[in-house]
Structure formats: C-alpha cells, structure tokens
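J.: Generate a structure from the sequence data that follows.
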Amino acid sequence: VLRETEKRLSGLFENSPDAIFVEDFDGTVLDANAAACRLHGLAREALVGRNLLELIPPEARAETQAGFQQLVNGERQQVEGCSYTAEGRRVPVEVRASHIEYAGQPALLLHVRDLSERKHAESALRSSERLFFSVWENSVDGMRLTDENGMIVAVNEAFCKLASLRRDQ
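T.: Residues are numbered from 1 along each chain as shown. Prediction:
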C-alpha cells in the first residue's frame, strides 16, 4: 500500500504540467519536478540546492523576496512574478504556495505556472480594444450601440453631432 501511494504521488509530482518546487523557508530548492526543469532550462541536479533568488531576474529580486516572505508567513497563498531561464529569458509566472513538511522540516510546496501565453493573449486583447475604441471614436459616421431591448448604451461623438445631443443625453 505504501509503495502504491508513493508511486501515485510521484506520478502526480512528475507529470504535473506546472513546475513544482519544494523550498525551505530561506528559498533553497529542496526538490523540483520535470516541469520546473523545463521552465528554467536546467537539470534537476542544477536546481536542487539553489536559492530561488538565483532563478529570478536581478531587478525583480527584492520584490520576489518580499512576496516569498509573505508566502512563508502565510499572509498570501499566491503571487505573480517572473523567473529566468538558463538562457536569460524572462518568464512571467504565477506561484501558488502550500505549507508542508519535507524531510521532517517545514517547507513550501510551490506550484509555478508559466503565464507567457496568457500575458500574450491579454496584450492582444488590449490592442484589439484600443483599435476598436480608436475606430469608434474617430469615425466620421455616427454610431450607436444598443442592448437587446433597443436601449442605447453607447454612442460616438459623430452620433452626438448627428443627433444634436450630448453623450450623456
């Protein structure tokens, strides 16, 4: 039963799509899964024993240290930040933490998710919204947006001129 439990837990740890780290309260990596190795472009042996600040861009270290301390103190369970790959590429990440016991000592179990795709999608959405707003506001054609009941919910400046009304009217 013990072997089956260990095998199941090891499978969950190693096959997680998110990077998983076990770190002591000083930020030293005690264990890391395959996704953590891929995230940083380092072998497990190169991750274990490193301090988390070595995996963070220098300009983000003070903020990361403060966020990590909040995780240790239980003041927060989640933070966003960035990590470094072995090649020096910055990767935006979300870190979720749980307090655990590891090898008889208190530690943090950190689930680290690469936010690169989400940040790219958010940026594309903001660009699209800016483009729509620019077209909407700069159009010489009067435009209005109505809800499903026919109530006007938005108008552009050209529509206001056409209707000889202020936007709030």
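
J.: quick one: contacts for the most centrally placed residue in the chain?
T.: The C-alpha lying nearest the average C-alpha coordinate of the chain belongs to residue 94 (Cα atoms, centre = their mean; 3.5 Å). For residue 94, the contact set (Cβ atoms under 8 Å, 6 or more residues apart in numbering) comprises 78, 79, 80, 112, 113, 115. Where C-beta positions appear, they are placed from N, C-alpha and C, glycine not excepted.

J.: Which helix or strand contains the fourth one?
T.: Using DSSP states H and E, residue 112 sits within strand 105-114.

J.: so what does that strand touch, helix or strand wise?
T.: strand 19-23, helix 34-40, helix 61-73, strand 90-102 (3 or more Cβ pairs under 8 Å, 6 or more residues apart in numbering; DSSP states H and E).

J.: tilt between that strand and strand 90-102?
T.: Between the axes of strand 105-114 and strand 90-102, defined by axes from the mean of the first three to the mean of the last three Cα atoms, to 10 degrees, the angle is 150 degrees.

J.: now the angle between strand 19-23 and strand 105-114, please.
T.: Going by the same axes, to 10 degrees, strand 105-114 makes 160 degrees with strand 19-23.

J.: May I see the buried residues of strand 105-114?
T.: Buried residues in strand 105-114, counted by 16 or more other Cβ atoms under 10 Å: 107, 108, 109, 110, 111, 112, 113, 114.

J.: from memory the second one sits against residue 69, does it?
T.: It stands for residue 108. No - Residue 108 is beyond contact range of residue 69, at 11.0 Å (criterion: Cβ atoms under 8 Å).
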